[in-house]
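Asker: I'll drop the sequence and a predicted model, then ask my questions.
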Amino acid sequence: MKHVFSVLSVTCIAFFTIFLSTTNTGCKKGDDGAKGDTGTANVMYSSWLDVNFDPAVNTAGDTVAWTAEITAPKITKTILDSGTVKVYLNAGTAASPAIFPLPIADFYYALTGVENLNLYFTVGTINLYATQDASTFTSSGAKSWQYRYVIIPGGVHTGRSAVNWNNYEAVKDFYNIPD
């Protein structure tokens, strides 16, 4: 009886396999669409921004730090909870960039002239604080010390080795961010 049942099972499976492979199910491969432009997926970024720092003064009247805010309405609670926000400083000019990822610590002093330039994020705002005035300025008609932020939503997975966040050129190339 076991033998008859096994043969019957194998025969049924073979029959249904042949039947399904020869039956037209009405499915067909669709046409390939046109190739789209290379884009930045869900990545958002600002233009290069002019930022003005204000002195933070203690009760004795001494300047203890310099502070600034960048309004960034796309920084939502969801972005803060699961995304990434990077901020870059162009200490050079548009024609001759010298771009640094923030924060800047003491070892950058010789290059930027600022001992420390730190930041933190709140909903809609990038908060900056520095040990010296890190405001945007114009010299010989060229702006220096401009800031740009890049927002990557949590749904855009890059993997740990996909991009070097401390290299602005790598981030710009990876996400196709224009100058």
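Answerer: Yep, that arrived. Numbers count the residues shown, from 1 in each chain.
Asker: just confirm A170 is within a helix.
Answerer: Yes. Assigned with DSSP: H, G, I helix; E, B strand; the rest coil, A170 falls within a helix.
Asker: tell me the pLDDT of the residue nearest to it when sequence neighbours are not counted.
Answerer: Spatial nearest neighbour of A170, excluding adjacent residues (Cβ to Cβ, 6 or more residues apart in numbering): N164 at 4.6 Å. C-betas here are computed from N, CA, C, even on glycine. Predicted confidence (pLDDT) for N164: 81.
Asker: low pLDDT regions in the protein?
Answerer: 1-41, 106-114, 155-161 (pLDDT under 70).
Asker: going along the chain, name the strands of it.
Answerer: 44-45, 54-57, 63-71, 84-90, 99-101, 117-122, 125-130, 137-139, 142-144, 146-152 (DSSP state E).
Asker: wait, which of those is closest to N176?
Answerer: strand 44-45 (10.2 Å; Cβ to Cβ).
Asker: picking up where we left off before, my guess is the residue nearest to A170 contacts K172. True?
Answerer: No. Shown here, N164 and K172 do not form a contact pair, counting by Cβ atoms under 8 Å, at 11.3 Å.
Asker: who has more neighbours out of the two?
Answerer: K172 (18 against 12; other Cβ atoms under 10 Å).
Asker: OK, contacts around K77?
Answerer: Taking Cβ atoms under 8 Å, 6 or more residues apart in numbering, we find K77 in contact with V123.
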